[in-house]
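**Q** What follows is a predicted structure for the sequence shown.
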Amino acid sequence: MKKWACEISYDGTGFAGYQVQPGKRTVQLELETALKKIHKGFEQRVHSSGRTDAGVHAIGQVFHFDSSLQLTDERWKKALNALLPADVRVRKATEVATDFHARYSAVSKQYHYRMLLGAEGDVFRRKYTYHIPTDLNIAAMKEAALHIVGEHDFSAFCASNTSVVDKVRTVTMVEFVHVGDELLFKVEGNGFLYNMVRIIVGTLVEVGQGKREPKELKEIIDGMDRTKAGKTAPGHGLYLYRVNYEPAIFKG
């Protein structure tokens, strides 16, 4: 038995999320169905770097699986893409060490969140961006976002129904980039709680709209109270951009 890791992209629009759910279409189900066909009907299990919710997209999600089949990295990529639906693509495949784990070996993740600015929405981007028709104070949002950087207990930016006890995470980077009529929010850290990025974005948007002061971000973090943070931004603006490993497992 050998172990392979794959980096995949997917359009989350048509999925109920990444993780298998009874009676629902999920990314994990599509991956395991494709691998089952390659293995002549034998059940196969994949393990990802983490889950994504319904509507959330991925540019660089990573999963691993074990197999006794002797295929090259390129053959794995081609075989999987031949069987996967058009909204899931394997970008890279590589053999990894037997002790590698897509989730537990990850050292950090980067997420991107796309916001479409302006009074007019875009019918062709409605499932891929969060349309914000009001003016935003970007400078205030940048000032507020700086409070997120560092090691904090992010209880205030976590869905209240999570079962996770330890909510301390380290955010190493936040950045805003203008891309045409879109505002792209980038955030990287050693781990993220359930809905953490979406709640951060929802709170920052309220800062940009003048509903909050930038300094409130620090107060919200220190208070560790979910009810004090902003609304959860919609899932369709969120992208799992990259999962980082040390040493890097993919070439290029």
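**A** Everything's here; your move.
**Q** Identify each buried residue in stretch 76-96, please.
**A** By 16 or more other CB atoms under 10 Å, the buried positions in stretch 76-96 come out as 76-77, 79-81, 83-84, 87-88, 90, 92-96. Just so you know, the C-beta spots here come from the backbone N, C-alpha and C atoms, and that holds for glycine as well.
**Q** Pick the one among those closest to Pro247.
**A** Of all the buried residues of stretch 76-96, Pro247 sits closest to Val96, with 10.7 Å by CB to CB.
**Q** beta partners of that closest one?
**A** Counting by DSSP bridges, Val96 is bridged to Lys3.
**Q** Quick check: pLDDT value at it.
**A** If you check Val96, the pLDDT there is 97.
**Q** Contacts only, for it.
**A** Lys3, Trp4, Ala5, His64, Ile249 (CB atoms under 8 Å, 6 or more residues apart in numbering).
**Q** in what helix or strand does Gly23 lie?
**A** Secondary structure from DSSP states H and E places Gly23 outside every helix and strand.
**Q** Count the residues that sit near it.
**A** 5 (other CB atoms under 10 Å).
**Q** so who does the spatially most distant residue from the centre of the chain touch?
**A** What lies farthest from the middle of the chain is Lys40; by CA atoms, centre = their mean that is 31.7 Å. Applying CB under 8 Å, 6+ apart to Lys40 gives no contacts.
**Q** helix, strand or coil for it?
**A** coil (DSSP: H, G, I helix; E, B strand; the rest coil).
**Q** let's have the chain start at 45 instead
**A** Understood, numbering begins at 45; the last thing we discussed is Lys84.
**Q** Can you give me the distance of it to Ser112?
**A** According to CB to CB, to the nearest Å, Lys84 and Ser112 sit 12 Å apart.
**Q** Could you do Val90 as well?
**A** On the measure of CB to CB, Val90 and Ser112 end up 16 Å apart.
**Q** Between the two, tell me which one has more neighbours.
**A** Remark: of Val90 and Ser112, Val90 carries more neighbours, 20 against 8, as counted by other CB under 10 Å.
**Q** What residues does that one make contact with?
**A** Gln72, Leu75, Glu76, Leu79, Phe107, His108, Phe109.
**Q** Settle this for me: Gln72 is touching Gln63, isn't it.
**A** Yes. The pair Gln72 / Gln63 is scored as a contact, 5.6 Å apart, by CB atoms under 8 Å.
**Q** Give me the more crowded residue out of the two.
**A** Shown here are Gln72 and Gln63; by other CB under 10 Å, Gln72 has more neighbours (19 against 16).
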